[in-house]
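*Asks:* here are the coordinates; sequence isn't available:
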C-alpha cells in the first residue's frame, strides 16, 4: 500500500514538473502580447507634450486700481470666471463668495491710482521665434497690462497687437528671440474621433495637459465661424491655449465650454486655427480685421418653407431684409429671396453666407445665385466693407378690414398708396386680425403679407381668391414683413 502511494506521488510530481517547465513559460510568454493587444491604439502623449509644452504660455492681465473701483467682492479668480462664463450660450454666471484677502502693500511714494490689480488669467502659445503669441480676445479684453510667462519662468510684458471679438482671436507681442514656437496644422482636415490634447493654465495651474477626442469638426454655435467641438477637459484659464493633434500641430484655440453648472461637462469648443491665422495675419499687418458685407438680414430656411417654394431641400439663406441703398439692393436682391450660392460656393446653412462674404475683400464684384418665384437668378454684387449695424426702425400699421377670416385664419385689408410708399413696397396686404392657424404660426395684427407661395400679393381681393384655391392637404407659405424684416411662415389651410 505504501509502495503504491509512493509511486503515485512520484508520478504526480513528475507531471507537475513537466507542466512547470513546458506549459507555464509558454503561457507567460503570451501575457505581454495579450496586454499589448489590449492597449493597442491608445496614444502616448509624453513625447508630444515635451516637444510642444515650452511654447505654451501663461497670460495674466492687470488693470489700474482706479479702474477696479466700483466692483467690490470680485477678485481676480472671479473676474476670470466672469470673462469665461459669459460665453456659455446664455447660461447664468455663478457668483462665488470671495474670501477676505490681505491688501497689497503700496510701493513707497507711488500714488494709489498707479497700483496694478490682477484681473484674470488665461493661456496662449507662441507662433513665431520673435515673440508673436496667439490667445483669445476675451483673455486680454479690457486689460491695462498683459504679462506673458514661459515654462522656464521668464516673464515678459506684452503689447496687444490687435484683437477680433467676432472670432475671439487676439495677437500679442513679447520682445524675444529664438523662442520656442508651435507648428500650425490644417483645421480643415480634422476628423471626428481623432485624439487631441489641450495645454493651458486652468485656474492658474501652468502647463496643465488634458486629452480627449474631436467630437464634431464644424459645430455652429451662432458665432461668426463654426467651432471645433471636443471632449477635452477645458476650464477657466485654458482660454487661449492650443488644441494639438497627434502630429504636434495646433489645430485650434480653446475658447469656450458649455456648462449648466459652471464646471466642465464634457463639451468644449476651439476656434479653428486656419481662421485664427487668417485673422492674426490681418491684425499683424493693420491692427484690425477687414470684412466684407452686402447689406442683408438673413434667416434659416426650414423644410416646410423650402418644399412650399419648390426647392428640392432646405438649403440657402433666406433674405429677411435688404438694407436701403446697400450693395444687395443695388444688385437687385429682394426680401424673400433665397441665396443659394455666393461666388459659386453653395450655401448649405444660412450661417455660411456671412462667413463667405466676410472673407471677401471689400470692392470685389461677386456673383450670388438666388431662388425667386420658382427659378434661379444670378445677380452681381459689389462687396462693401463691414461697418457697425444700424438699428432698424420698426413700423406697425393697423388698417381696418371688413371681410371675415379666411382659410389661413387671417383678416387682411388693402394698403394705401401712401403706406406702400412709406414701406417701399409695390403690393401686399395688412393683417388686421390673426386667429387659428395664423395665430399659432406667430402672425399678428400689423404684419404685412407680401407673397403667398410664389405669387406676389397685390390687394386683399386677390389674396382672398388665392387663399380660397389652396389645397387644405398641402402646406402653404406666406412671406410676411414685420417692421423692417421679412420672413417666410408656413401655414396649413383651415388649421389642419
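*Replies:* Good, I have the coordinates. The model shown is predicted, which means the values in this text are computed figures rather than measured ones.
*Asks:* Can you pull the phi/psi pair for residue 417?
*Replies:* Reported as degrees, to the nearest 10, the phi and psi values for residue 417 are phi -60, psi -40.
*Asks:* again with residue 255
*Replies:* Per-residue torsions, residue 255: phi -130, psi -40 (degrees, to the nearest 10).
*Asks:* What distance do you get for it to residue 338?
*Replies:* 32 Å (Cβ to Cβ, to the nearest Å). Placement of C-beta: from N, CA and C, glycine included.
*Asks:* between these two, which one's more packed in?
*Replies:* residue 255 (30 against 24; other Cβ atoms under 10 Å).
*Asks:* contacting residues around that one?
*Replies:* Shown in contact with residue 255 (Cβ atoms under 8 Å, 6 or more residues apart in numbering): 87, 136, 168, 227, 239, 240, 269, 270, 271.
*Asks:* Check residue 327 too.
*Replies:* Contacts of residue 327 by Cβ under 8 Å, 6+ apart are 293, 294, 295, 381, 382, 383, 384.
*Asks:* Name the nearest of those residues relative to residue 418.
*Replies:* residue 295 (26.1 Å; Cβ to Cβ).
*Asks:* Show me the helices in this protein, by range?
*Replies:* Along the chain, counting by DSSP state H, helices occupy 2-18, 24-38, 46-52, 65-68, 76-85, 137-140, 273-286, 303-309, 327-331, 352-358, 417-423, 436-440, 460-468.
*Asks:* average pLDDT for the longest one?
*Replies:* So the one you mean is helix 2-18. Averaged across helix 2-18, pLDDT comes to 55.
*Asks:* neighbours around residue 46, how many?
*Replies:* Look at residue 46: counted by other Cβ under 10 Å, it has 9 neighbours.
*Asks:* how close does it sit to residue 248?
*Replies:* Going from residue 46 to residue 248 by Cβ to Cβ gives 12 Å.
*Asks:* so where's the stretch 251-400 of the chain uncertain?
*Replies:* Filtered on pLDDT under 70, the stretch 251-400 of the chain yields the residue ranges 260-263, 387-400.
*Asks:* just the strands in it please.
*Replies:* 268-272, 292-293, 296-300, 317-322, 338-342, 345-346, 365-372, 375-382, 384-385 (DSSP state E, counting those that start in this stretch).
*Asks:* Residue 463: which of those is closest?
*Replies:* strand 365-372 (19.5 Å).
*Asks:* Now do the end-to-end distance for stretch 268-279.
*Replies:* Here the two ends of stretch 268-279 are set 21 Å apart, with distance taken as Cα to Cα, to the nearest Å.
*Asks:* Quick one: distance of it to the chain centre.
*Replies:* Put simply, stretch 268-279 sits 10 Å off its chain's centre (Cα atoms, centre = their mean, to the nearest Å).
*Asks:* likewise stretch 354-364?
*Replies:* Here stretch 354-364 is found 19 Å from its chain centre; the criterion is Cα atoms, centre = their mean.
*Asks:* I'd like the numbering to begin with 598 instead of 1 from here.
*Replies:* Sounds good: first residue 598 from here, last item stretch 951-961.
*Asks:* So which bits of it are buried?
*Replies:* Buried positions in stretch 951-961, judged by neighbour count with 16 or more other Cβ atoms under 10 Å: 951, 952, 953, 954, 955, 957.
*Asks:* Going by residue numbers, what spans are strands in the stretch 698-847 of the chain?
*Replies:* Under the criterion DSSP E, counting those that start in this stretch, strands of the stretch 698-847 of the chain are mapped to 713-723, 729-732, 742-746, 752-761, 766-770, 780-781, 792-797, 805-816, 824-827, 839-842, 846-854.
*Asks:* Direction included, what does the last one pair up with?
*Replies:* Right, strand 846-854. Sheet neighbours of strand 846-854, with direction, are listed as strand 780-781 (parallel), strand 839-842 (antiparallel), strand 865-869 (antiparallel) (DSSP bridges).
*Asks:* Kindly report the same for the third one.
*Replies:* On the basis of DSSP bridges, the sheet neighbours of strand 742-746 come out as strand 653-661 (antiparallel), strand 752-761 (antiparallel).
*Asks:* Kindly calculate the angle that that strand makes with strand 713-723.
*Replies:* 50 degrees (axes from the mean of the first three to the mean of the last three Cα atoms, to 10 degrees).
*Asks:* What residues sit buried inside strand 742-746?
*Replies:* Under the neighbour-count criterion of 16+ other Cβ under 10 Å, strand 742-746 has 743, 744, 745 buried.
*Asks:* With adjacent residues omitted, what lies nearest to the first one?
*Replies:* By that I understand residue 743. Excluding the flanking residues, the one nearest residue 743 by Cβ to Cβ, 6 or more residues apart in numbering is residue 755, at 4.3 Å.
*Asks:* same check, this time on residue 1007
*Replies:* Sequence neighbours aside, residue 1035 is the residue nearest to residue 1007 in space, at 4.8 Å (criterion: Cβ to Cβ, 6+ apart).
*Asks:* shouldn't that neighbour be in contact with residue 1088?
*Replies:* Yes: with contacts counted by Cβ atoms under 8 Å, residue 1035 reaches residue 1088, the gap being 6.2 Å.
*Asks:* can you list residues touching both of those two?
*Replies:* 1005, 1006.
*Asks:* domains for this protein, by residue range?
*Replies:* Domain assignment for the chain by automatic domain parsing gives 647-692+711-770, 780-883, 889-982, 1007-1092.
*Asks:* Output those in TSV, with distance to residue 1001 appended to each entry.
*Replies:* As requested, the domains of the chain are exported to TSV (distance: least, Cβ to Cβ, whole Å):
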stretch	distance to residue 1001
domain 647-692+711-770	42
domain 780-883	42
domain 889-982	25
domain 1007-1092	7
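*Asks:* For residue 639, find the nearest of the ones you listed.
*Replies:* For the domains of the chain, the distance to residue 639 is smallest for domain 780-883, at 9.1 Å, taking Cβ to Cβ.
*Asks:* gap between the two ends of the closest one?
*Replies:* For domain 780-883, the end-to-end distance is 24 Å (Cα to Cα).
*Asks:* same question, stretch 885-899
*Replies:* Terminal residues of stretch 885-899 lie 36 Å apart, using Cα to Cα.
*Asks:* and it, which residues are buried?
*Replies:* Neighbour-count burial for stretch 885-899 [16+ other Cβ under 10 Å]: 886, 888, 889, 890, 891, 892, 893, 894, 895, 896, 898.
*Asks:* and the first one, what are its phi and psi?
*Replies:* Its backbone dihedrals place residue 886 at phi -110, psi 130, with angles given as degrees, to the nearest 10.
*Asks:* Now do the same contact list for it.
*Replies:* Residues in contact with residue 886 (Cβ under 8 Å, 6+ apart) are 759, 761, 763, 764, 876, 879, 880.
*Asks:* about what we covered before: adding distance to residue 782, write the buried residues of stretch 885-899 out as a markdown table.
*Replies:* Formatted as a markdown table, the buried residues of stretch 885-899 follow (distance: Cβ to Cβ, whole Å):
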| residue | distance to residue 782 |
| --- | --- |
| 886 | 22 |
| 888 | 24 |
| 889 | 27 |
| 890 | 30 |
| 891 | 32 |
| 892 | 36 |
| 893 | 34 |
| 894 | 36 |
| 895 | 32 |
| 896 | 34 |
| 898 | 34 |
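*Asks:* biggest separation within those residues, which pair?
*Replies:* Distance extremes for the buried residues of stretch 885-899: the farthest pair is 886 and 898 at 28.4 Å, using Cβ to Cβ.
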